[in-house]
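Chemist: coords please:
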Amino acid sequence: MVGDIFGEPGRAALAKLLPRLREEHAIDFCVVNCENAAGGFGVTAPMAKQMLEQGADVLTSGNHIWDKKEIVEFITKDNLLLRPANFPAGTPGVGHVTIKCGPHRVAVLNLMGRVFMNPLDCPFRKADEILPELRRETPIILVDMHCEATSESQAMGWYLDGRVSAVVGTHRHVQTADERVLPGGTAYITDLGMTGPTDGVIGVDREAILQRFLTQMPVRFEPAKGPAALHGVVIAIDPETGRATDIRRLRVGA
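Modeler: Numbering: from 1, shown residues only. This next block holds a predicted model:
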C-alpha cells in the first residue's frame, strides 16, 4: 500500500519504483492513494489510468478527490478509483471494491475521518455497514483511513482489529513509525507517508510555505523540486483467514 502520490515528482517516483518493488517483494496486490497526483490537488483521468498501468491494482483518495472536476466522469465509470465510502448517498463513484487476485479476492475500503475535516457520515458506522458485505466476498480486506487526526486513525485501527486485514492511514504526508500487527490480526500504521518530493514541506515548495508561516499571507502552493521518494508498507496476509502476519515500512528514494 503506497502513500499519497504528490504532483509530478510523486508520479515519476511511482513510475520508476513500483514495477521494481512489485518484483522485489513479490507483491500480489497494490493499493495507491492518488488524491494529490495533479499538482498536489486532485487527480485526472489520464493520471489515474497511467498509475493503474504502472502496477496499481486499486486507487484510493480522500478530501481532494473532487479538486479536478473532470474526474467525476471517470470515477462513475471505473470503480478502480475509489472515493471515501462515507461521503453522503448520491455522491458519484464507489467507496469499496473487490478484485480478483490470482486464486483469491481482495477487497479495498476507502474511508475518511471527520476530525478537522469535512463533516461526512460517520466512518465507523459506515465500516460496520459495509464490512458484512465484503466479508461474504473475501476474508482479505484492506482499509485506507484518510485522516487529519492521528487519534482517529488509531481508533479505527482498534475498532476494526480482527475484522479486516489492514488499516493504513493517509493524508498527513509524514510516515509514522508505529507499524504493527494488532492482536486480532490487523496490520496497522497511522500514516503511510507521501510519495513525492522530499525537500519541501509535506510536498509543497518550502519557500512558499515559509512565507505563509512568516507573513500569514496566502501563497500559491506548488510541488517542491528536487529528489523524491516512495513511502508505503508491504503487508503479508494469510489468504485463508485474512489475518496479517507481517507489516514492513518502505521508504525508497527515486
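
Chemist: strands along the stretch 51-200 of the chain, start to end?
Modeler: 58-60, 96-101, 104-112, 141-146, 166-170, 180-181, 187-189, 194-197 (DSSP state E, counting those that start in this stretch).

Chemist: now tabulate the ones you listed in CSV and tack on mean neighbour count and mean pLDDT.
Modeler: Heads up, the C-betas are built off the backbone N, CA and C, glycines and all. Putting the strands of the stretch 51-200 of the chain into CSV (neighbours: other CB atoms under 10 Å; pLDDT from 0 to 100) gives the following:
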stretch, mean neighbour count, mean pLDDT
strand 58-60, 29, 98
strand 96-101, 17, 97
strand 104-112, 25, 98
strand 141-146, 28, 98
strand 166-170, 29, 98
strand 180-181, 16, 98
strand 187-189, 27, 98
strand 194-197, 31, 97
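
Chemist: once you drop chain neighbours, what's closest to Gly39?
Modeler: Gly7 (5.3 Å; CB to CB, 6 or more residues apart in numbering).

Chemist: no wait, Arg243
Modeler: Gly185 (3.2 Å).

Chemist: and that neighbour, how close does it get to Ile141?
Modeler: Distance of Gly185 to Ile141, computed by CB to CB, to the nearest Å: 11 Å.

Chemist: quick check: neighbours shared by these two?
Modeler: 165, 242 (CB atoms under 8 Å, 6 or more residues apart in numbering).

Chemist: closest to Thr245 out of the strands of the stretch 51-200 of the chain?
Modeler: strand 180-181 (7.0 Å; CB to CB).
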